[in-house]
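A.B. asks: Attaching a predicted model along with its sequence, questions to come.
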Amino acid sequence: MGPYCTLVLARMGADVVKVEAPDGDIVRFIGGGRNPGMGPIFLATNHGKRSVALDLKQPEGRAVLLRLLADADVFVTNMRPSALAKLELRYEDLQQLNPRLVHCSLTGFDGAGPYRDYAAYDDVIQAVSGLAVTQGEPGPPAYVRSPVTDKIVGLMGVNAILAALMSRERTGAGQGVEVPMFETMVGFNLLDQQGGSVFVPPIGPSGYVRTSSPYRKPYRTADGYLGVIVYTDRQWLSFFELIGRLDLLDSDRFRTITARTEHIDELYQLVEQALLTRTNEWWRAELAALGIPCVPVLSTDELLDDEHLRAVEMFEDIEHPSEGTMRLPRMPVRFSATPVDPGAPAPRLGEHGPEVLREAGFTDADIERLTNAGILNAPPD
């Protein structure tokens, strides 16, 4: 979540300095790559950043970080609160050093609760936030294959940071911002799943019947799969006419969205059976004419050659000095006045250490001494 949060900030123009342990971010070593420590997830998640490899467990390593933070706008960390306290890098520890600093701590659980020191990764937050149960219903709990919790909380962190920076523009003062995974995902999941328990006392069960239907899925056609959703009153009436089920037009079970939601399994089975009778091409033409959303079901590999994504230039070919040519998705938003620059490729471990330290006022002799002492891991030129 920390790397994704700061990736978004970097792609929007921030100068992001990634402070790693001397042996590097663990994500560097996930998946195959051309060189050790430069795995595909790391390359994608750390595009546009600079790397400084520091041993923060040594007092002088922490002192180096404090000099970097003295004029920083934002400090982002996803360390556990107990580890952050041990290093004396909490907001209250840094407030006097830099009163304008926005200190964003991405944590597993809100620090005011009894779970505050629990270790947290995407999987366990999916489990404890209700997302795994929601994803698996009506079967056993299941995880979303993409680490959505990390990414959603990372985006929440971006929003919180930008709000704090806006506040600083008005007040001149920075502040501490805590973005907990558990609470973020509880709010995210309950938005549509709280059901009758929104009311006090509850007036019905929790959950959202439509999204938990086992028939809500990509549908098989005569020659493939399609993603189809029939949703509004007009869309359902058009669909009933298209498939020759005029008998359903006046049914009380399907006339309103409230009634349709109560009988959603029956409706989705109807869609499933109907789509089997025709080809992808036929359905896409007919449903598009009726204004019913219908799209192909694409694999990850197919996305890279999708005609729409080619037309909007979604992917950028980037030359990395050690990893060769890479293809990465661009920032998906467009700014009319401030276009987003592709930025530099993901850094090698400690690649920018000497450069960043010089900017902070360290001399070459200081840098050499820190390197020889094992406090700074700076690769050879």
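C.D. replies: Everything's here; your move.
A.B. asks: can you list the domains in this protein?
C.D. replies: Annotated domains of the chain cover 2-189+303-372, 219-296 [automatic domain parsing].
A.B. asks: Now tabulate those in CSV and tack on mean neighbour count.
C.D. replies: C-betas here are computed from N, CA, C, even on glycine. Shown next, in CSV, are the domains of the chain (neighbours: other CB atoms under 10 Å):
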stretch, mean neighbour count
domain 2-189+303-372, 17
domain 219-296, 15
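A.B. asks: List the contacts of V209.
C.D. replies: 261-262, 264 (CB atoms under 8 Å, 6 or more residues apart in numbering).
A.B. asks: from those, which is closest to L242?
C.D. replies: I264 (19.0 Å; CB to CB).
A.B. asks: Below-threshold pLDDT in the protein: ranges please.
C.D. replies: Within the chain, the ranges that satisfy pLDDT under 70 run 381.
A.B. asks: Among the contacts of V209, which ones are in helices?
C.D. replies: In helices, judged by DSSP state H, the following of those are found: 261-262, 264.
A.B. asks: Can you show me the strands along this structure?
C.D. replies: 16-20, 49-53, 74-77, 102-107, 175-180, 219-220, 225-228, 294-296, 315-320, 324-329 (DSSP state E).
A.B. asks: orientation of the fifth one relative to strand 102-107 in degrees?
C.D. replies: This means strand 175-180. Using axes from the mean of the first three to the mean of the last three CA atoms, to 10 degrees, the inter-axis angle of strand 175-180 relative to strand 102-107 is 20 degrees.
A.B. asks: Grab the most central residue of this structure for me.
C.D. replies: A centroid search over the chain (CA atoms, centre = their mean) returns K151, at 1.9 Å, as the residue closest to the centre.
A.B. asks: Let me see the contact set for the closest residue to that one other than its chain neighbours.
C.D. replies: Spatial nearest neighbour of K151, excluding adjacent residues (CB to CB, 6 or more residues apart in numbering): Y4 at 5.3 Å. Y4 sits next to 45, 150-151, 154-155 when contact means CB under 8 Å, 6+ apart.
A.B. asks: and which of the residues you listed is nearest G227?
C.D. replies: The closest of those, once distances to G227 are taken by CB to CB, is K151, at 21.0 Å.
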